[in-house]
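In: okay, predicted coordinates and the sequence, questions at the end:
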Amino acid sequence: MNVYAIPMWRGRGIATALLKEIISFVRTTEARRLWLNSTEDGKSLYKKLGFVSTSKEMEIVW
């Protein structure tokens, strides 16, 4: 439910790789939207992968 990387492991592409895998898998299903809540620190990662901010959360739709 929550994802957190300790500082010494940040910036190594682990979260990016994990999220790309999740997005790739979900695209093989009937789902057409992913949404999440993000801290300010995490928003740049999600934006880089195509998520956009809405009034309450971030989402990606295809």
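Out: Thanks, I have it.

In: let me know the secondary structure of Lys43.
Out: Following DSSP: H, G, I helix; E, B strand; the rest coil, the label given to Lys43 is helix.

In: for this protein, which spans come out with low pLDDT?
Out: Filtered on pLDDT under 70, the chain yields no residues whatsoever.

In: which residue ranges of it form strands?
Out: For the chain, applying DSSP state E gives strands covering 33-36, 52-53, 58-61.

In: got a markdown table for those, with distance to Ile22 and mean neighbour count too?
Out: In this view, the C-beta of every residue, glycine as well, is placed from N, C-alpha and C. Converted to a markdown table, the strands of the chain look like this (distance: least, Cβ to Cβ, whole Å; neighbours: other Cβ atoms under 10 Å):
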| stretch | distance to Ile22 | mean neighbour count |
| --- | --- | --- |
| strand 33-36 | 8 | 13 |
| strand 52-53 | 17 | 12 |
| strand 58-61 | 10 | 16 |
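
In: now render those as a markdown table, adding distance to Tyr46.
Out: Formatted as a markdown table, those follow (distance: least, Cβ to Cβ, whole Å):
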| stretch | distance to Tyr46 |
| --- | --- |
| strand 33-36 | 7 |
| strand 52-53 | 9 |
| strand 58-61 | 5 |
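
In: look up how far Leu18 lies from Phe25.
Out: 11 Å (Cβ to Cβ, to the nearest Å).

In: closest to Trp9 out of the strands of the chain?
Out: strand 33-36 (19.9 Å; Cβ to Cβ).

In: adjacent strands (with direction) for that closest one?
Out: strand 58-61 (antiparallel) (DSSP bridges).

In: what about dumping the CA coordinates of the strand it pairs with to PDB?
Out: Written as PDB, here are the backbone C-alpha positions of strand 58-61 (Å, rounded to 0.1, in the frame of the first residue of the first chain):
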ATOM      1  CA  MET A  58      -2.000  11.700  -9.500                       C
ATOM      2  CA  GLU A  59      -3.300   9.500 -12.400                       C
ATOM      3  CA  ILE A  60      -2.300   8.000 -15.700                       C
ATOM      4  CA  VAL A  61      -5.000   7.100 -18.200                       C
END
